[in-house]
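[1] pasting the sequence and the predicted model now:
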Amino acid sequence: MKTTVKYDIELIKEEALELVKKRLVNRQQQIYTLCKYIPHRDWVHFELELEKNEFLLRDRIIDLLEHESWDED
């Protein structure tokens, strides 16, 4: 049985931050870029959660990383 992950905005932000840290995506890329890393069956839920929180797929990933902290100057 396949289960669908419940994406809330905090989980999406965490996923985006992890992908940035792993250098799989760049902060300046569009949020849509994340679709490569989200299972296809979950994408619609992911997209709806973004929309509910007023994010557009064309927005930049950095917009999701508002609480990112920097280790160095």
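    Arrived safely.
[2] every contact and neighbour count from this point should use C-alpha atoms.
    Will do.
[3] the spatially closest residue to Glu47 that is not a sequence neighbour: neighbour count?
    Once flanking residues are discounted, Glu47 sits nearest to Leu57: 7.8 Å by Cα to Cα, 6 or more residues apart in numbering. Using other Cα atoms under 10 Å, the number of residues around Leu57 comes to 16.
[4] wait, Leu57 sits on Ile31?
    Yes. Applying Cα atoms under 8 Å, one finds Leu57 in contact with Ile31, separated by 5.0 Å.
[5] residue contacts, Arg60?
    Arg27, Gln28, Gln29, Gln30, Ile31 (Cα atoms under 8 Å, 6 or more residues apart in numbering).
[6] so which of those residues are in helices?
    With DSSP state H as the criterion, helices contain none of the contacts of Arg60.
[7] closest one to Lys13 out of those, please.
    Ile31 (10.6 Å; Cα to Cα).
[8] just checking, the closest one touches Ile61?
    Yes. Assessed by Cα under 8 Å, Ile31 is found in contact with Ile61 at 5.0 Å.
[9] most neighbours among the contacts of Arg60, which one?
    The most neighbours, when the contacts of Arg60 are compared by other Cα under 10 Å, belong to Ile31, which has 23 neighbours.
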